[in-house]
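Got a predicted structure here, sequence first:
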Amino acid sequence: MMKKIFLIPVVASLALFSCKDGKEQEQTSAEDAESKIQIAEPQYDTYAEISVKEGGHWEGREYIDGQFKNVENLDVPKEHTDHSWFIRYEGPGWENSQVGYRLYLDWRNAIDIFGKKADTMVLPYVGQDNFDSYHEAAPWGQDILKAGKSLGIGGYGRYMNDTVAHFRNVQNTHAEVNNSAGSSSVAITYEGWQTGEETIDLDAELTIYPEGRYTQVELSPSAEIEGLTTGIVKFEDVPLIQKESEGGNWAYIATYGAQTLVNDEDELGMAIFYKKDELAQQVEGPDDHLLIFKPTSDKVTYYLLGAWEQEKEGITTEEDFVSNLDELLQNLDSNNALK
């Protein structure tokens, strides 16, 4: 459980002030935040949340008025889509002291990265101004990845007809979060996910641990389908890096370079570790470097990772990034898991 506290001005300044063109711009006063917003204070070294509006109303595809409230589980309303302003920062988020992630809980189903300059839990304070100011630089960090039409970093979909089918046709989507001393996780059930002529259910669980920048992803399809995929968003002039473990059980794809929303020189590393015996092929999609899994009704496991150069005591060169990936790959080869 997490205790409730009222937002204090020092913490409020992390979320409610953003930096644009080198100047701080006040979104709302700390005093207003202190009087209006009640924050769930994380008590562990990892944190996951989903926050939705209450007290407002739907007008078509947009949710008008209301205040955000954290919930442990959610059946996504039929009205909800991209930019509906119903879910704070558009989906569940999870973090540890080094990095944060979020998943767009709508048809896009991409995973985005919150680059962190602070080594504390920051997600409870992100997006509380009812806007997407988290795209702008702030003392805690910012949203740094431009996902576009891609899967972002480690999102999932189905590769068919030379493109990726996301989650436009789903009967029901249920999400829940769990926080414990050893990890935090987001579990999502997609009931009646239709792609082409096939309809399946898909369970996904995304887990982050206190140490390491990675998130473990477990996908459990209800039936075998061809083309279940994950990937990394492609950027021009940022080459793909690939390596297999010495034992041949695990491998990774990765990118490193200027590929953030911050500026043309800001550098980010992204990687996905996967089991070789679960992979059918690696292909280049229109928006992503893709990993296509073999048809199965068994659980598929992979790890996604983002490393931002502005992270506190973070990785700042491609050489160090690849060295870190190689250490994790060796760990996977020896232990068959990262924890």
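Great, that's in hand.

ok, which stretches of the stretch 201-339 of the chain are helices?
With DSSP state H, counting those that start in this stretch applied, the stretch 201-339 of the chain shows helices at 318-335, listed in chain order.

measure residue 147 to residue 113 for me?
Taking C-beta to C-beta, to the nearest Å as the measure, residue 147 falls 9 Å from residue 113. Where C-beta positions appear, they are placed from N, C-alpha and C, glycine not excepted.

The two: which is more packed in?
Neighbours per residue (other C-beta atoms under 10 Å) separate residue 147 from residue 113, with residue 113 holding more: 28 against 19.

hey, what's the more buried one bridged with?
Beta bridges link residue 113 to residue 101 when assigned by DSSP bridges.

shouldn't it be in contact with residue 142?
No - assessed by C-beta atoms under 8 Å, residue 113 is found out of contact with residue 142, at 9.8 Å.

what comes up buried for the strand or helix carrying residue 153?
Secondary structure assigned from DSSP states H and E places residue 153 in strand 153-160. For strand 153-160, burial by neighbour count (16 or more other C-beta atoms under 10 Å) applies to 153, 154, 155, 156, 157, 158, 159.

Show the average pLDDT along that strand.
Confidence over strand 153-160 (mean pLDDT, whole number) is 98.

Which elements pack onto the helix or strand just after that strand?
Once the chain leaves strand 153-160, the next helix or strand it forms, by DSSP H and E, is strand 163-165. Here strand 163-165 touches strand 153-160, going by 3 or more C-beta pairs under 8 Å, 6 or more residues apart in numbering; DSSP states H and E.

partners of the strand it packs on, with directions?
Using DSSP bridges, the strands paired with strand 153-160 are strand 163-165 (antiparallel), strand 228-233 (antiparallel).

Just the CA trace of it, in CSV.
The C-alpha coordinates for strand 153-160 follow below in CSV (Å, rounded to 0.1, in the frame of the first residue of the first chain):
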residue,chain,number,x,y,z
ILE,A,153,10.6,0.8,-27.5
GLY,A,154,9.3,-2.8,-27.0
GLY,A,155,5.7,-2.2,-27.8
TYR,A,156,3.9,-5.2,-29.4
GLY,A,157,1.5,-5.8,-32.2
ARG,A,158,1.1,-8.1,-35.2
TYR,A,159,3.2,-8.0,-38.4
MET,A,160,1.1,-8.7,-41.5
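
Can you check which of the strands paired with strand 153-160 gets nearest to residue 45?
Residue 45 lies closest to strand 228-233 among these, at 26.2 Å (C-beta to C-beta).

so how far is that closest one from its chain's centroid?
Averaging C-alpha positions (C-alpha atoms, centre = their mean, to the nearest Å) puts strand 228-233 13 Å from its chain's average.

what sits up against that strand?
Outside of strand 228-233, the residues within contact range by C-beta atoms under 8 Å, 6 or more residues apart in numbering are 145-148, 150-159, 164, 217, 219, 221, 253-255, 259, 270-272, 274, 285, 287-293, 295-296, 300, 302, 304.

Quickly compare the strands paired with strand 153-160 and say which is most buried.
Greatest average neighbour count among those goes to strand 228-233 (a mean of 26), per mean count of other C-beta atoms under 10 Å.

Show me what the mean pLDDT comes to for it.
98.

related to what we said a few turns ago, now the strands paired with strand 153-160 in a markdown table, with distance to residue 94?
As requested, the strands paired with strand 153-160 are arranged in a markdown table below (distance: least, C-beta to C-beta, whole Å):
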| stretch | distance to residue 94 |
| --- | --- |
| strand 163-165 | 23 |
| strand 228-233 | 17 |
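
nearest to residue 104, of those strands?
When those are compared by C-beta to C-beta, strand 228-233 sits nearest residue 104, at 12.9 Å.

which residues does the closest residue to residue 333 other than its chain neighbours contact?
Nearest residue to residue 333, sequence neighbours excluded (C-beta to C-beta, 6 or more residues apart in numbering): residue 245, at 3.8 Å. By C-beta under 8 Å, 6+ apart, the contact set of residue 245 is 251, 329, 330, 332, 333.

Tell me the pLDDT of the last one.
Looking at residue 333, its pLDDT reads 95.

So which residues make contact with the helix or strand that contains residue 173?
Per DSSP H and E: residue 173 is located in strand 170-179. Strand 170-179 is touched from outside by 2, 42, 44, 46-50, 72-76, 91-92, 94, 105, 167, 184-194, with contacts defined as C-beta under 8 Å, 6+ apart.

Write the PyMOL selection for whichever of those residues are buried.
Remark: buried members of the contacts of strand 170-179, expressed as a PyMOL selection using 16+ other C-beta under 10 Å:
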select buried, resi 42+44+46+47+48+49+50+74+76+91+92+94+105+167+184+185+186+187+188+189+190+191+193
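
Who are the contact partners of residue 121?
Neighbour list for residue 121: 42, 47, 95, 97 [criterion: C-beta under 8 Å, 6+ apart].
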